[in-house]
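In: Got a predicted model here, sequence first, then my questions.
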Amino acid sequence: MVRARRGSSSPWGRASIRPWNAAPGLHQGRQGDGDPRRRVVVQPRLDGHEYGVDLVCDLKAPGVLHGVLARRKYRMRAGETDKAVSANAEPFQRVAADLARLMEVRGIVDTDMFVTSNGTVSVIDINPRFGGGYPFVHLAGADVPLLYVQQALGLEPNPEALAYDVGVVSAKFESVRITTKEQDAG
């Protein structure tokens, strides 16, 4: 797979991620661009599925993992998960525990992981924050804010706050509405 080195706002951004043989011109230089190999990243194509996986870690004790929340991505839009299904987190438990421990994480970490057809799990992105995909597992029953409020108040975090139903499909939507009417709109 070939993609731009400089990200989504570049002329060869996220929308242009393509197999090498379907990216005419991407690997060729343009006048004044210098070495074209410095403009792109070439990665192997993996057969399988992408998942959003949240590592729910303790707020105070670094590296302590309270739970793992997973969703399989069905559709992406503008770099965010647009449609997903809540998924079994078991395949991600070992990788999540290793990440939390090695990074000495506190709080939630939004990751993207890829599972190949033979079951191999690869981490492809790490963001130390609530990610745009969290609402998919929240709608399926998980309540990370409740767990963190309990911990902040000095209460023992209830692991049931991280329980969620597997197989819940949800999608984001966009709407436009009138908020006010200008008096002088001609």
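Out: All right, it came through fine. Residues are numbered from 1 along each chain as shown.
In: can you give me the helices for the protein?
Out: In the chain, the helices defined using DSSP state H lie at 93-103, 134-139, 144-152.
In: out of the ones you listed, deepest packed?
Out: The highest mean neighbour count among the helices of the chain, using mean count of other C-beta atoms under 10 Å, belongs to helix 134-139: a mean of 22. In this view, the C-beta of every residue, glycine as well, is placed from N, C-alpha and C.
In: Return the list of helices and strands in contact with that one.
Out: Counting contacts by 3 or more C-beta pairs under 8 Å, 6 or more residues apart in numbering; DSSP states H and E, helix 134-139 packs against strand 48-57, strand 65-77, strand 80-87, strand 169-171.
In: Go again with 6 Å.
Out: strand 65-77 (3 or more C-beta pairs under 6 Å, 6 or more residues apart in numbering; DSSP states H and E).
In: between the strand it packs on and helix 144-152, how many degrees?
Out: Strand 65-77 runs at 150 degrees relative to helix 144-152, counting by axes from the mean of the first three to the mean of the last three C-alpha atoms, to 10 degrees.
In: what's the spacing between strand 65-77 and its chain's center?
Out: Chain-centre distance of strand 65-77: 7 Å, with C-alpha atoms, centre = their mean, to the nearest Å.
In: now swap in stretch 125-133 and tell me
Out: The answer for stretch 125-133 is 6 Å, by C-alpha atoms, centre = their mean.
In: Ends of that stretch, what's the gap?
Out: 13 Å (C-alpha to C-alpha, to the nearest Å).
In: Now tell me what touches that stretch from outside.
Out: 52, 71, 80, 81, 108, 109, 110, 111, 112 (C-beta atoms under 6 Å, 6 or more residues apart in numbering).
In: again, only using 10 Å
Out: 50-55, 57, 69-71, 73, 76, 78-82, 84, 99, 103, 105-114, 138, 144-145, 172 (C-beta atoms under 10 Å, 6 or more residues apart in numbering).
In: Please spell out the PyMOL selection for the buried subset of those residues.
Out: Here is the PyMOL selection string for the buried members of the contacts of stretch 125-133, based on 16 or more other C-beta atoms under 10 Å:
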select buried, resi 50+51+52+53+54+55+57+69+70+71+73+81+82+84+99+105+106+108+109+110+111+112+113+114+138+144
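In: related to what we said a few turns ago, and of the helices of the chain, who's closest to residue 63?
Out: Minimum separation from residue 63 across the helices of the chain (C-beta to C-beta) falls at helix 93-103, 4.4 Å.
In: Give the rounded mean pLDDT of that closest one.
Out: The pLDDT scores in helix 93-103 average 97.
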